[in-house]
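**Q** this one's sequence-less:
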């Protein structure tokens, strides 16, 4: 639900509604929203930077994430999302449940009065901040330590890979708050753990720790929190060692495999390989 961030007043709304490129969102404005965005070579790092609120997310957070994704520099191949401080993200900012909401952004109560079309559009705007992380031309890595609750869990699930500290606490809190997970997290959760386990995790709103996350496939690597940054850097370096176009083509194949028959997947492989062969050996 990001429309309030576009329609509200103040610097936060201006920062995320500017139709020009990401460079117009200054570091100071991103800091006011609670984000940092840095690019070093082929790696972009997005940091949730509200440690005093355990990196709780707001309407403005989701709008800014969408703008970053829309204007990601062409050279970027790996996107890392991390949280400042001991928590990745404790979920949505609880002020959104109050009548006053968040200054300049509104509240859930203000959305409840929207008509169906406007409400659905608002939710779709929030989802845009998560969907771009699955693009085939990049690999996204969530570096998750401490709490990853609700929207925080869904942000981690939006990424291709999850490297976690052994203090991680995943929890899908929304049903316990009377909501549903609507930030694109239900599909990857089901794909990773299956429908029965996803139902159990969501409807009990229990905590999943590092050992279980590894067992269920919710995390690829678990390390002590002090080793998390290095583990992510090592993984990013390994990913960058693969040919960029071959990596994107392979990711497309893998993403589509679950919905194709074996024959359809074989045909998709042939099509992608034909492009690779012609590209590699066109001048031979």
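**A** Alright, I've got the coordinates. Not measured: the values here are computed from a predicted model. Residues are numbered from 1 along each chain as shown.

**Q** which SS state does residue 176 fall under?
**A** helix (DSSP: H, G, I helix; E, B strand; the rest coil).

**Q** Disregarding flanking residues, what is the spatial nearest neighbour of it?
**A** residue 205 (4.0 Å; CB to CB, 6 or more residues apart in numbering). Every residue, glycine included, has its C-beta placed from N, CA and C.

**Q** residues touching that neighbour, list them.
**A** Shown in contact with residue 205 (CB atoms under 8 Å, 6 or more residues apart in numbering): 171, 172, 173, 175, 176.

**Q** These: which two are farthest apart?
**A** Within the contacts of residue 205, two members stand farthest from each other by CB to CB: 171 and 175, at 10.7 Å.

**Q** of these two, who's got more company?
**A** For residue 171 versus residue 175, the count of surrounding residues by other CB atoms under 10 Å is larger for residue 171: 21 against 14.

**Q** Can you report phi and psi for that one?
**A** Main-chain dihedrals, residue 171, degrees, to the nearest 10: phi -160, psi 130.

**Q** isn't it right up against residue 149?
**A** Yes - with contact defined as CB atoms under 8 Å, residue 171 reaches residue 149; the gap is 4.8 Å.

**Q** Residue 283: how many residues sit nearby?
**A** Around residue 283 there are 4 residues (other CB under 10 Å).

**Q** Now do the SS call for it.
**A** Strictly by three-state DSSP, residue 283 counts as coil.

**Q** roughly how far apart are it and residue 149?
**A** The gap separating residue 283 from residue 149 is 53 Å, by CB to CB, to the nearest Å.

**Q** Tell me the helices and strands packed up against whichever helix or strand residue 245 is part of.
**A** Assigned by DSSP states H and E, residue 245 belongs to helix 244-257. Applying 3 or more CB pairs under 8 Å, 6 or more residues apart in numbering; DSSP states H and E, one finds that helix 244-257 makes contact with helix 262-281.

**Q** between the helix it packs on and helix 244-257, how many degrees?
**A** 170 degrees (axes from the mean of the first three to the mean of the last three CA atoms, to 10 degrees).
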